[in-house]
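In: Turn this into a model:
(2 chains)
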2 protein chains.
Amino acid sequence: MEENEIIELAKTILSKNFDFLVKGIGDDAAVIRLEDNYLLLTSDMMVKETHIPSILSPSEIAFRVFTANVSDIVAMGGKPISFLISLGFKKVSREFLESFYLGLREASNLYNCPVVGGDTVRAETLILSGFCLGLTEKPIYREGRVGDKIYVTGNLGRVFSSLYIYYNFKDKIKEFEESYPEMFKKLRKPVARVDMLKDKELFTGATDISDGLGREINYFKNFQIYSEKIFKLIPKDVLDFCEEFNLNPLEVALNSGEEFELIITSKYKIKKAVEIGEIIERGRYLDDKPFKGRGYIHKFY
Amino acid sequence: MEENEIIELAKTILSKNFDFLVKGIGDDAAVIRLEDNYLLLTSDMMVKETHIPSILSPSEIAFRVFTANVSDIVAMGGKPISFLISLGFKKVSREFLESFYLGLREASNLYNCPVVGGDTVRAETLILSGFCLGLTEKPIYREGRVGDKIYVTGNLGRVFSSLYIYYNFKDKIKEFEESYPEMFKKLRKPVARVDMLKDKELFTGATDISDGLGREINYFKNFQIYSEKIFKLIPKDVLDFCEEFNLNPLEVALNSGEEFELIITSKYKIKKAVEIGEIIERGRYLDDKPFKGRGYIHKFY
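Out: From the prediction side, this is the model:
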């Protein structure tokens, strides 16, 4: 079963009305109402073989799982207020745990969000399961109004490119990392865009890029985007890298996952973000041609 | 490293003051303040080999992880208001998932708590990571006042006894389950004591029994308990079972984990609970002799 089929099955069996439940399974985070506030809830699990490149240090792994969870809260227009982390491992040294907790502390300081709990269990492999609670007066969903512009923050392509090296040239990573430091930095230590929250009043919709722009853009249902504009999101090192390895930079940008950048819709100009198109009445287009979603699909057999 | 050393290390590195953070790492759940309410946050992870007897159905596994999380919220005097579940698995059939989600639905209805989200990932083994958000006007901690009586809800020993069969007589489980149905029922489908919340105004302290009474009682620091009184918590089937297998029923009751009963301190009489002793000025005693903690210790090498 594919992930979306699993989610549909879960929704079918588990959906039930609760007066305080605003949004259950199906967005970046769930939304519940508590008096005048909205609480946002999200969880993100990572397993070593599937999600964690072996070149990451314990501190980088910790920072990454914190970021992945905070990013979902930010994508809903909330500030993170509590993080919990459950850890599974076979053997663990004090050195590993110290480095891991220092990575959590660094993220905790950066996101101004306390680590309040978790669980530790024995497992055959390294498992990280994060949970984040967020708070907002107004949740932002994966939607936009016709005529809204579509924006993407930061840059795209570095995570895909560094993973390309990781999977194909494992023995030469050190050299590549010296040639392309910024590329590997985004793989090792991606940062959730909490800085964008100050402009959130301008957003009509948002989501974060964990599975690639080409896949995540489809949440907005009807849109028109342009490769010329998407190109502005691709930094020089990725363009150089694509030339060196004969890759199509647009494909790289569309398929680069775990970037933790935001896709934002707004009728206003959004600073620190690049406009790549707009929400339209009907259809999905890239350069005026029908757009077929791309991006990483999690498949379970 | 043992679990308590890991928790101490986490506290040392991660503790930081936040004005809304009332209680971080170290109780059944974390506590944060939001206006006039207290939010409770807990997570509980289970991995197949370590935590899940193979005789459990997917529905029972789901019910159990929901219960473990809700139990932590109840132990803090809160009602559960949202549950999230992250799942890791290698291969999964629609039948497994349907049964699993039906188990979640049953628990969701029983605890009146919606399943609002989660995550699914590919992993080498079955992993369940639950998170529960709770709400209370007054959190209850693992503490009690000198002179308070100590109470335990329900009964103790059935989980230990059924696991004893599971580990030692795997090929005869069916027969034993016919002889001792209530014993296996508590292993398969333990229920969190949400029913006790109606009397929570009377509680001065509480915790739930996940690692055995002999271990959990130590959270209350100074106490006097009596085996004659603890015996009242041991049901007839467990006494019969102990006789059949030449086990000491008191040891069984003290070491039986994942019972999800509550230890409660109060100066008032608590209905549906058995008084087993009291909080004293100084020292830990069982039948007037120094008490050494027992119970399951999670050890990581």
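
In: CA only for contacts and neighbour counts going forward, please
Out: Will do.

In: could you give the mean pLDDT of the helix or strand hosting A:K186?
Out: For A:K186, the host element (DSSP states H and E) is helix A:181-188. Mean pLDDT, helix A:181-188: 97.

In: which ones are touching A:I13?
Out: B:98, B:101-102, B:105 (C-alpha atoms under 8 Å, 6 or more residues apart in numbering or on different chains).

In: mind checking the SS state of it?
Out: With DSSP: H, G, I helix; E, B strand; the rest coil as the basis, A:I13 sits in helix.

In: quick revisit: next secondary structure after the helix holding A:K186?
Out: Per DSSP H and E, the first helix or strand lying C-terminal to helix A:181-188 is strand A:205-208.

In: Show me what that following strand is packed against.
Out: Secondary-structure packing of strand A:205-208 (3 or more C-alpha pairs under 8 Å, 6 or more residues apart in numbering or on different chains; DSSP states H and E): helix A:58-75, strand A:262-266.

In: Any chance of a PyMOL selection covering the buried ones in the contacts of A:I13?
Out: Listed next is the PyMOL selection for buried residues among those, using 16 or more other C-alpha atoms under 10 Å in any protein chain shown:
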select buried, chain B and resi 98+101+102+105
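
In: Filter the contacts of A:I13 down to just the ones in helices.
Out: Members of the contacts of A:I13 lying in helices (criterion: DSSP state H): B:98, B:101-102, B:105.

In: With pLDDT and distance to A:A68 as extra columns, can I get the residues you listed in a markdown table?
Out: Output for the ones in helices among the contacts of A:I13, formatted as a markdown table (pLDDT from 0 to 100; distance: C-alpha to C-alpha, whole Å):
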| residue | pLDDT | distance to A:A68 |
| --- | --- | --- |
| B:E98 | 97 | 28 |
| B:Y101 | 97 | 25 |
| B:L102 | 98 | 29 |
| B:R105 | 98 | 28 |
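
In: would you turn those residues into TSV with distance to chain A?
Out: Formatted as TSV, those follow (distance: C-alpha to the nearest C-alpha, whole Å):
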residue	distance to chain A
B:E98	8
B:Y101	6
B:L102	7
B:R105	6
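
In: any chance of those in CSV, with distance to A:D119 too?
Out: Shown next, in CSV, are the ones in helices among the contacts of A:I13 (distance: C-alpha to C-alpha, whole Å):
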residue, distance to A:D119
B:E98, 27
B:Y101, 23
B:L102, 25
B:R105, 24
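
In: Out of these, which comes closest to B:Y141?
Out: B:Y141 lies nearest to B:R105 out of those, by C-alpha to C-alpha, at 29.3 Å.

In: Quick check: chain neighbours aside, which residue is closest to the closest one?
Out: A:L14 (5.8 Å; C-alpha to C-alpha, 6 or more residues apart in numbering or on different chains).

In: if I pick that neighbour, what's in contact with it?
Out: Applying C-alpha under 8 Å, 6+ apart to A:L14 gives the contacts B:101-102, B:104-105, B:114-115.

In: repeat that with 7 Å
Out: B:101, B:105, B:115 (C-alpha atoms under 7 Å, 6 or more residues apart in numbering or on different chains).

In: buried sites along stretch A:131-143?
Out: For stretch A:131-143, by 16+ other C-alpha under 10 Å, it's A:131-136, A:139-143.

In: before we move on, which element is A:L163 in?
Out: helix A:158-168.

In: Name the residues of chain A found near chain B, please.
Out: Contact residues, chain A versus chain B (C-alpha under 7 Å from any C-alpha of the partner chain): A:10, A:13-14, A:24-25, A:30, A:42-45, A:47, A:50, A:86, A:91-92, A:101-102, A:105, A:115-119, A:121-123, A:129, A:300-301.

In: Just the ones of those residues in helices?
Out: Using DSSP H, the members of the residues of chain A next to chain B that fall within helices are A:10, A:13-14, A:50, A:101-102, A:105.

In: Can you tell me which of those residues is nearest A:F245?
Out: Nearest member of those to A:F245, counting by C-alpha to C-alpha, is A:T50, at 24.7 Å.

In: Pull the number of nearby residues for A:N168.
Out: 10 (other C-alpha atoms under 10 Å in any protein chain shown).

In: scratch that, A:K90
Out: Other residues lying near A:K90 total 13 when counted by other C-alpha under 10 Å.

In: Need the per-residue pLDDT for it.
Out: Per-residue confidence (pLDDT) for A:K90: 88.

In: What separation do you get for A:D44 and A:I209?
Out: Distance, A:D44 to A:I209, using C-alpha to C-alpha, to the nearest Å: 14 Å.

In: How far does the helix holding A:K186 sit from its chain's centre?
Out: Mean C-alpha position of helix A:181-188 versus that of the full chain (C-alpha atoms, centre = their mean, to the nearest Å) differs by 15 Å.

In: For that helix, list every residue counted as buried.
Out: Neighbour-count burial for helix A:181-188 flags A:182-184, A:186-188 (criterion: 16+ other C-alpha under 10 Å).

In: A:S99 and A:P58 touch, don't they?
Out: Yes - under the criterion of C-alpha atoms under 7 Å, A:S99 makes contact with A:P58 at 5.6 Å.

In: Could you list the residues in contact with the lowest-mean-pLDDT helix or strand in chain A?
Out: Sorted by mean pLDDT, DSSP states H and E, the helices and strands of chain A end with helix A:48-51, the least confident at a mean of 83. For helix A:48-51, the external contacting residues (C-alpha under 7 Å, 6+ apart) are A:125-127, B:122-123.

In: Repeat that for stretch A:114-126.
Out: Under the contact criterion C-alpha under 7 Å, 6+ apart, stretch A:114-126 has outside partners A:47-48, A:81-90, A:108, B:14, B:24-25, B:30, B:42-45, B:47, B:50, B:300.

In: Show the buried residues in the residues you listed.
Out: Buried among the contacts of stretch A:114-126 (16+ other C-alpha under 10 Å): A:47-48, A:81-89, A:108, B:14, B:24-25, B:30, B:42-45, B:47, B:300.

In: any low-confidence regions in chain A?
Out: Applying pLDDT under 70 to chain A flags residues A:293-301.

In: same thing but at 50, please
Out: Across chain A, the ranges flagged by pLDDT under 50 are A:295-301.

In: According to the record, where do the domains of it fall?
Out: A:3-136, A:149-290 (automatic domain parsing).

In: Could you dump these into CSV with distance to B:V274 added?
Out: Below are those laid out as CSV (distance: least, C-alpha to C-alpha, whole Å):
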stretch, distance to B:V274
domain A:3-136, 30
domain A:149-290, 50
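
In: Tell me which of those lies nearest to B:L156.
Out: Counting by C-alpha to C-alpha, B:L156 lies closest to domain A:3-136 out of these; the figure is 23.8 Å.

In: The closest one spans what distance, first to last residue?
Out: 28 Å.

In: cool, and stretch A:195-211?
Out: End-to-end distance of stretch A:195-211 (C-alpha to C-alpha): 21 Å.

In: How far off centre is that stretch?
Out: 12 Å.

In: Tell me which residues of that stretch come out buried.
Out: So, applying 16+ other C-alpha under 10 Å, buried residues of stretch A:195-211: A:196-197, A:200, A:203-211.

In: Among the ones in helices among the residues of chain A next to chain B, find me the one that's closest to A:V238.
Out: A:T50 (24.3 Å).

In: how much space between that closest one and B:F131?
Out: 22 Å.

In: ok, now A:F223?
Out: Counting by C-alpha to C-alpha, the separation of A:F223 from B:F131 is 36 Å.

In: rewinding a little: how about residues contacting the helix holding A:L163?
Out: The contact list for helix A:158-168, computed with C-alpha under 7 Å, 6+ apart, reads A:173, A:183-184, A:186-187, A:238, A:252, A:256-257, A:259.
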